[in-house]
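Peer 1: Here is my input, please return the structure:
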Amino acid sequence: MFKPFDHQTKTTDFILSKHKVLITSDPGTGKTRSVIDAYAKLPKDKGRMLVIAPLSILQASWADDIDKFQPDLTYSVAFAKNRLKAFNESASIVLTNHDAVKWLLKNKNMLAGFNTICIDEFTAFKNKDSQRSKAIAKIIEQFDYRIAMSGTPNSNSILDIWHPTLLVDDGERLGHRFYSFRSAVCTSRFNGFANEWVDRDDAEEIVASALLDINIRFSLEECIDMPEQTISTMTTTLPRTIMNQYVDLANDSVLHTNKGTVSAVHAGAKIKKLLQLCTGALYDNEGNVIGVHEDRYNLIMQLIQERAHSLVAFNWKHERDHMVNECEKRGIKYGVIDGSTPAHKRTDVVGKMQAGQLQVVFCHPQSAGHGLTMTTATSIIWASPTYNAEHYQQFNRRIYRAGQTKRTEVIRIAAENTWEPDVYEKLEGKLGRMEELLTILNDLNNIRKTA
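Peer 2: Numbers count the residues shown, from 1 in each chain. Below you'll find the predicted structure:
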């Protein structure tokens with residue numbers, strides 16, 4: 001009943017043969033199962049396994065997969081409140097979140113007996129200078145088996161992959177020095193404000209070739225006969241008064257309303273405020289919400305009511321509150337997954353959606369973008385755009401993954417003559433470079449399999 005797919009078995013065998021592995025298979029291909037199966041096949045004196053993953057999927061993905069596929073393995077889930085107790089238990093696998101590495105650096109004795117580490121969503125450690133990246137770099141050397149995985153390895157730049165690779169292979173393939181790697185795969189150019197580093201045209205080929213022997217990748221479509229997914233943008237028009245306010249804020253960086261004043265101190269802040277204005281509200285300088293208009297929420301609710309099961313991505317708290325209130329008024333069964341949703345509640349919401357008991361789940365893409373499966377839903381609705389290509393790609397894969405049997409759709413809402421269409425266009429540009437790397441990795445993987 002629970003026999004792994006062929007690509008999962010190949011990934012498991014690859015882990016066992018290499019010891020140090022990057023897994024870049026698509027979201028939804030079942031990477032977690034492959035790692036669990038590999039660990040289960042190690043010798044009896046294999047030591048313990050540490051899994052470092054997004055907080056949102058410790059229980060909903062990892063713990064559930066262990067229970068389902070390798071029920072003889074024992075595990076403990078280490079949250080901040082029970083971390084010491086969880087590590088002191090005799091469980092063979094400890095599941096904890098990315099930021100726990102800072103605690104582990106201060107409590108290295110807790111790592112005694114561990115021999116395998118799996119870093120799930122390794123882009124959390126792409127910034128070499130972050131506290132958690134520095135912390136994990138100081139504890140990684142104790143692990144003989146090192147596994148790092150992500151379906152979105154370079155969502156912003158080819159540079160994203162350098163530090164995660166260093167954690168796996170100690171700098172053997174992409175070098176020990178970041179700036180030398182950057183000079184090899186990027187060029188410097190002036191963007192009108194400052195110098196920026198841009199990926200070279202051949203950057204993907206350089207990196208893919210270097211990683212060939214430790215990387216394994218399968219695209220979702222080559223593993224599973226997936227139904228079609230369509231992506232469309234639905235444009236709206238801002239009311240005249242709101243459009244006038246949009247223009248005023250764009251020109252002057254200050255907006256005066258009868259409820260308060262909003263100011264943007266630099267270009268980045270201005271774009272953020274303009275995007276907020278498109279969604280129906282703004283946050284003033286004290287963090288208070290200044291309500292502006294609710295027109296787009298009528299459209300979103302119409303789309304929800306026309307569909308059996310949907311996921312709606314929101315970026316701002318006021319969006320969530322508006323849509324939840326509308327569901328309450330209209331008697332629509334809904335769930336919410338965001339940073340305030342505790343782990344047990346998150347699991348409950350996913351379970352109810354999969355059972356067909358919810359018509360819609362409102363999700364912050366950072367909180368619901370990894371590991372969760374909600375294939376009962378067939379529609380993704382973006383209430384507003386995100387600049388984060390990883391969050392965008394990962395969230396869309398919550399419904400487009402193994403277990404989906406119906407056609408799916410992604411609907412992106414954007415106000416005409418605003419920054420919103422431009423944000424989606426920039427997202428596609430970032431994703432295009434990432435897809436190029438993944439295609440090359442996939443092609444090289446296929447060549448290796450036939451060699």
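
Peer 1: what about the strands in the stretch 151-300 of the chain?
Peer 2: Along the stretch 151-300 of the chain, counting by DSSP state E, counting those that start in this stretch, strands occupy 186-190, 195-199, 215-216, 229-236, 254-257, 260-263, 281-283, 289-291.

Peer 1: out of these, nearest to residue 372?
Peer 2: Closest to residue 372 of these is strand 229-236 (CB to CB; 17.1 Å). All C-beta spots, glycine's among them, are computed from the backbone N, C-alpha and C.

Peer 1: Pull the residues that contact the closest one.
Peer 2: Around strand 229-236, the neighbours that count as contacts under CB atoms under 8 Å, 6 or more residues apart in numbering are 295-296, 299, 396, 400, 407-416, 421, 424.

Peer 1: Then stretch 321-338?
Peer 2: 56, 280, 294, 297, 300-301, 304-305, 312, 314, 320, 346, 349-350, 352-353, 357-364, 367-368, 372, 383.

Peer 1: Just give me the longest helix of this protein.
Peer 2: In the chain, taking DSSP state H as the definition, the longest helix is helix 420-450.

Peer 1: Show me what counts as buried in that one.
Peer 2: Across helix 420-450, burial judged by 16 or more other CB atoms under 10 Å covers 420-421, 423-424, 427, 430-431, 433-438, 440-442, 444-445.

Peer 1: can you check stretch 347-366 too?
Peer 2: 347, 349-350, 352-354, 358-366.

Peer 1: quick one: which of those is nearest residue 52?
Peer 2: residue 366 (17.2 Å).

Peer 1: The closest one: what secondary structure?
Peer 2: Put simply, residue 366 is helix when judged by DSSP: H, G, I helix; E, B strand; the rest coil.

Peer 1: For it, give its distance to residue 390.
Peer 2: 9 Å (CB to CB, to the nearest Å).

Peer 1: cool, and residue 121?
Peer 2: Taken as CB to CB, the span from residue 121 to residue 390 is 9 Å.

Peer 1: and if you look at residue 370?
Peer 2: 9 Å.

Peer 1: show me what contacts residue 224?
Peer 2: For residue 224, the contacting residues are 5, 29, 402, by CB under 8 Å, 6+ apart.

Peer 1: List phi and psi for the last one.
Peer 2: Dihedral angles phi and psi of residue 402 (degrees, to the nearest 10) take the values phi -50, psi 130.

Peer 1: Would you confirm that it contacts residue 26?
Peer 2: No. With contact defined as CB atoms under 8 Å, residue 402 does not count as touching residue 26 (10.0 Å).

Peer 1: Mutual contacts of these two, please.
Peer 2: residue 220.

Peer 1: Show me which of those two is the more surrounded one.
Peer 2: Remark: of residue 402 and residue 26, residue 26 carries more neighbours, 25 against 18, as counted by other CB atoms under 10 Å.

Peer 1: What separation is there between the residue lying closest to that one once chain neighbours are set aside and residue 28?
Peer 2: Spatial nearest neighbour of residue 26, chain neighbours left out: residue 220 (4.1 Å); criterion: CB to CB, 6 or more residues apart in numbering. Between residue 220 and residue 28 the computed distance is 5 Å (CB to CB).

Peer 1: Equivalent analysis for residue 226, please.
Peer 2: 9 Å.

Peer 1: what residues are shared contacts of those two?
Peer 2: 220, 400.

Peer 1: The two: which has the busier surroundings?
Peer 2: For residue 226 and residue 28, the more surrounded residue by other CB under 10 Å is residue 28, and the numbers stand at 23 against 19.

Peer 1: in what helix or strand does that one lie?
Peer 2: Assigned by DSSP states H and E, residue 28 belongs to neither a helix nor a strand.

Peer 1: List the contacts of it.
Peer 2: Residue 28 touches 151, 220, 373, 397, 400, 401, 402, counting by CB under 8 Å, 6+ apart.

Peer 1: Tell me if I am right that residue 43 is in a helix.
Peer 2: No. When classified by three-state DSSP, residue 43 is found to be coil rather than part of a helix.

Peer 1: Next, give phi and psi for it.
Peer 2: phi -60, psi 160.

Peer 1: Got the confidence number for it?
Peer 2: As predicted, residue 43 sits at a pLDDT of 89.

Peer 1: now do the one 10 residues further on
Peer 2: Listed pLDDT for residue 53 reads 95.

Peer 1: who does the strand or helix carrying residue 50 touch, helix- and strand-wise?
Peer 2: Residue 50 belongs to strand 48-53 when assigned by DSSP H and E. With contacts taken as 3 or more CB pairs under 8 Å, 6 or more residues apart in numbering; DSSP states H and E, strand 48-53 sits against strand 93-97, strand 114-120.

Peer 1: Okay, buried residues for stretch 136-149 please.
Peer 2: Result for stretch 136-149 [16+ other CB under 10 Å]: buried residues 136, 137, 139, 140, 143, 145, 146, 147, 148, 149.

Peer 1: quick one, what contacts the second one?
Peer 2: Same thing as residue 137. So residue 137 contacts 166, 167 (CB under 8 Å, 6+ apart).

Peer 1: pLDDT value on it, please?
Peer 2: 97.

Peer 1: Next: residue 260.
Peer 2: For residue 260, the model assigns a pLDDT of 50.

Peer 1: Show me the shaky parts of the stretch 301-450 of the chain.
Peer 2: Low-confidence segments of the stretch 301-450 of the chain, defined by pLDDT under 70: 449-450.
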